[in-house]
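K.L.:
got a sequence here, can you build the structure:
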Amino acid sequence: MFLTKDNLRLGLILGLIGPLVGLFIVYLIKFPALSFKDFLDYFMHDNKVITNVGTFALLANALLFAIYVHFDKSQTFKGIFIVTLFYGVGILLLKLFN
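P.N.:
Here you go, the predicted model:
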């Protein structure tokens, strides 16, 4: 099982996938009437939605991070943290330049 591995590469991969899964879950729960393409367009061009949806998408990484901290897998949670920082900066830049 992947919870037993302590690997920076695994953390980077999980860190990349987590917010995408979080974004898709937010789409399914809050925006089911829109097509996924329309949802992404709405997400990319509305500052309020960027903040709200981006935050919830990053919560997926916070959950992964907490799990790996609990199991003391330092290399994996470092990878998750690094990618989370990049996502956070990306969301901030998207919000600033929108």
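K.L.:
tally of neighbours for residue 93?
P.N.:
10 (other Cβ atoms under 10 Å). (Each C-beta comes from the backbone N, C-alpha and C, glycine too.)
K.L.:
roughly how far apart are it and residue 69?
P.N.:
Look at residue 93 and residue 69: by Cβ to Cβ, to the nearest Å, they are 27 Å apart.
K.L.:
before we move on, what about residue 82?
P.N.:
14 Å.
K.L.:
in contact with the most centrally placed residue in the chain, which residues are there?
P.N.:
For the chain, the residue nearest the mean C-alpha position is residue 19 (2.0 Å; Cα atoms, centre = their mean). Residue 19 is in contact with 57-58, 60-61, 84, 87, counting by Cβ atoms under 8 Å, 6 or more residues apart in numbering.
K.L.:
after the helix or strand hosting residue 12, next one along is what?
P.N.:
Taking DSSP states H and E as the definition, residue 12 sits inside helix 8-30. Using DSSP H and E, the helix or strand that follows helix 8-30 in sequence is helix 36-45.
K.L.:
starting at the chain centroid, how far to that following helix?
P.N.:
Centroid separation for helix 36-45 versus its chain: 16 Å, with Cα atoms, centre = their mean, to the nearest Å.
K.L.:
may I see the buried residues of the following helix or strand past it?
P.N.:
Counting by DSSP H and E, the element after helix 36-45 in chain order, helix or strand, is helix 47-70. Using 16 or more other Cβ atoms under 10 Å as the test for burial, helix 47-70 gives 49-50, 53-54, 56-58, 60-61, 64-65, 68.
K.L.:
for the residue of the chain positioned farthest from its centre, phi and psi?
P.N.:
Residue distances from the centre of the chain (Cα atoms, centre = their mean) peak at residue 33, which lies 22.4 Å from the mean C-alpha position. Note on residue 33: its backbone torsions stand at phi -70, psi -20 [degrees, to the nearest 10].
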